[in-house]
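Colleague: 3D, please:
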Amino acid sequence: MVTPRISYAHLLAKPNPKHVDSLLKFFESGRSQRGTGGFGVEIEHLPVHNSDDTAVTYYETNGIEALLKRLAPYYDEEKEYWENGHLVGLSRPGVAVSLEPGGQVETSIGILKKPSDLNALYSKFRREVDPILKDLDFRLVNYGYQPKSSFADVPVNPKDRYDAMTDYLGRVGQFGPCMMRCSASTQVSIDYVDEHDAIEKMRLGTVVGPILAYFFRNTPYFEGETNPWPLLRQRMWDYLDFQRTNVIPGLFDPRFGWEDYAVDVLSTPLMFADLTHTPEAVASGASPKELHRPAFRENAGDVYPDRELNPYEINHIISTHFNDVRLKNFVELRHWDSLPIERAERLTEIVASLFYVPENRERLESYFDGITEEEVFEAKANIQAHGRQASPYGQPLEFWKEFLGLEGLLSDIPGDPKHPDVFQE
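Modeller: Residues are numbered from 1 along each chain as shown. Below you'll find the predicted structure:
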């Protein structure tokens, strides 16, 4: 049996009740602002040179910063995001472009009403970005990990939080620098109508996410060599930092609710404190470095004032947790490798079918009724140990392919034309 992680955060610190209430109101705002059926999709792209497939960095001539500056006219000037004098994000209605630590270019799209809306918005992004990329002589590829470069070859972008994260994650786990600098994902976010609905979707997403991840795996390379793990990104996150990754502790206890999640998040050290939108800190005349600082041993109660938290502070606190499924004012499913758009749309269709079609949702809930945290850990370990011969939850992958509606999934969908398509078996 695989031993699940145990969170000791609750023994070390008791969260501020006002902060707990702030998160509960934040979760409630998701219920009141949305109904069912909406999606958000985030696709992270790896920038690689056309000449040799090595990683393109932020600071190099004709690198990521040059790309963002040339892409900026297509976005709202007042929504540009700068840090330390460098452009690091762009936004307009329906689409936002941001950077992950190693210069991965993330496109956030939504809120979508149906999966087919994804391709239309994404295609517009590509029509704008591709001519610029051609001039800069690099391209954006969709893999779970850089095809040629090592993490040691990729500097982090200018966001202050990433220097602190490098220091922290480089010491507490096995894959921190690899995850930050060279990995890339696809994430799908879904709505909820109330607390019960949110918790049930978090449980189901945690249960089936690793199985879907296997069928959508897209990581042929690791550190310039053939990837040795069936699900590299899952392995990286599982061994990153047990305080803030993997299965949410207690999620499968029937009594688990929003307050339990809020207490877990607020009780865990932040890694990095962002006080740029904390009025008390700004008014104190704190320097930019003091407003962005490491917080390796401090949790939210140590960093933020004794009052209700504002939405920026809440989002920052939650962003320091990287569970398989994360709750914001929506449910964020985080299992999957970066995917080409056709495959990302197919993934979104499957998520829609499983979570928004009542009979499919009821079938899932009935099948997994009484599932435990230990069984989820065992299923994840089974896939890592056995790959295509795996039997997560005691059933072979062929069973799950039919049960989850994945027939025809390994059809020929092009990825990066310069490399073999990982979807072929």
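Colleague: how long is stretch 248-259 from one end to the other?
Modeller: 13 Å (Cα to Cα, to the nearest Å).
Colleague: My error: substitute stretch 298-308 in the last question.
Modeller: End-to-end distance for stretch 298-308: 18 Å, by Cα to Cα.
Colleague: I would like the residues contacting that stretch, please.
Modeller: With contacts defined as Cβ atoms under 8 Å, 6 or more residues apart in numbering, stretch 298-308 is touched by 9, 13-16, 18-19, 21-22, 25, 265-270, 273, 275, 278, 280, 295, 309, 313, 317. Glycine gets a C-beta too; all of them are placed from N, C-alpha and C.
Colleague: Restricted to helices, list those.
Modeller: If you go by DSSP state H, those have 9, 18-19, 21-22, 25, 265-267, 280, 313, 317 in helices.
Colleague: could those residues go into JSON lines alongside pLDDT, distance to K148 and neighbour count?
Modeller: Output for the ones in helices among the contacts of stretch 298-308, formatted as JSON lines (pLDDT from 0 to 100; distance: Cβ to Cβ, whole Å; neighbours: other Cβ atoms under 10 Å):
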{"residue": "A9", "pLDDT": "45", "distance to K148": "39", "neighbour count": "18"}
{"residue": "K18", "pLDDT": "98", "distance to K148": "49", "neighbour count": "14"}
{"residue": "H19", "pLDDT": "98", "distance to K148": "44", "neighbour count": "25"}
{"residue": "D21", "pLDDT": "98", "distance to K148": "49", "neighbour count": "14"}
{"residue": "S22", "pLDDT": "98", "distance to K148": "44", "neighbour count": "23"}
{"residue": "K25", "pLDDT": "97", "distance to K148": "47", "neighbour count": "14"}
{"residue": "V265", "pLDDT": "97", "distance to K148": "37", "neighbour count": "26"}
{"residue": "L266", "pLDDT": "97", "distance to K148": "41", "neighbour count": "26"}
{"residue": "S267", "pLDDT": "95", "distance to K148": "40", "neighbour count": "21"}
{"residue": "E280", "pLDDT": "97", "distance to K148": "47", "neighbour count": "11"}
{"residue": "E313", "pLDDT": "98", "distance to K148": "39", "neighbour count": "22"}
{"residue": "I317", "pLDDT": "98", "distance to K148": "36", "neighbour count": "25"}
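Colleague: Now do the SS call for R233.
Modeller: helix (DSSP: H, G, I helix; E, B strand; the rest coil).
Colleague: That one and P210, how far apart?
Modeller: Using Cβ to Cβ, to the nearest Å, one obtains 11 Å as the distance from R233 to P210.
Colleague: D130 now?
Modeller: For D130, the distance to P210 - Cβ to Cβ - is 33 Å.
Colleague: more neighbours, those two?
Modeller: P210 (23 against 11; other Cβ atoms under 10 Å).
Colleague: mind checking pLDDT for that one?
Modeller: Per-residue confidence at P210 stands at 97 (pLDDT).
Colleague: check contacts around it.
Modeller: Applying Cβ under 8 Å, 6+ apart to P210 gives the contacts 231, 234, 324, 335, 376, 379-380, 383, 392.
Colleague: let's go with 6 Å and repeat that
Modeller: For P210, the contact set (Cβ atoms under 6 Å, 6 or more residues apart in numbering) comprises 380, 383.
Colleague: can you check N218 too?
Modeller: With Cβ under 6 Å, 6+ apart, N218 has these contacts: 143-144, 337, 339, 422.
Colleague: hang on, it is in a strand, isn't it?
Modeller: No: counting by three-state DSSP, N218 falls outside a strand, being coil.
Colleague: how near is it to P254?
Modeller: Per Cβ to Cβ, N218 is found 36 Å from P254.
Colleague: SS state for R31?
Modeller: helix.
Colleague: from what I can see it touches D194, true?
Modeller: Yes: applying Cβ atoms under 6 Å, one finds R31 in contact with D194, separated by 5.4 Å.
Colleague: what about these two, which has more around it?
Modeller: R31 (18 against 13).
Colleague: and the gap between that one and N382?
Modeller: For R31 relative to N382 (Cβ to Cβ), the value is 35 Å.
Colleague: Per-residue pLDDT of G408, please?
Modeller: Reported pLDDT for G408: 65.
Colleague: and stretch 56-64, how far out from the chain's middle?
Modeller: Chain-centre distance of stretch 56-64: 24 Å, with Cα atoms, centre = their mean, to the nearest Å.
Colleague: List the buried residues for it?
Modeller: Buried residues in stretch 56-64, counted by 16 or more other Cβ atoms under 10 Å: 56-58, 63-64.
Colleague: pLDDT for these - can I get that in CSV?
Modeller: CSV is the format used below for the buried residues of stretch 56-64 (pLDDT from 0 to 100):
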residue, pLDDT
V56, 98
T57, 97
Y58, 96
G63, 98
I64, 98
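Colleague: Select from these every entry located in strands.
Modeller: The strands in this structure, assigned by DSSP state E, contain none of these.
Colleague: is it possible to export those to TSV including distance to H49?
Modeller: Shown next, in TSV, are the buried residues of stretch 56-64 (distance: Cβ to Cβ, whole Å):
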residue	distance to H49
V56	6
T57	10
Y58	14
G63	10
I64	12
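Colleague: Of all pairs in these, which one is the farthest apart?
Modeller: Within the buried residues of stretch 56-64, V56 and Y58 form the most distant pair, 8.4 Å apart (Cβ to Cβ).
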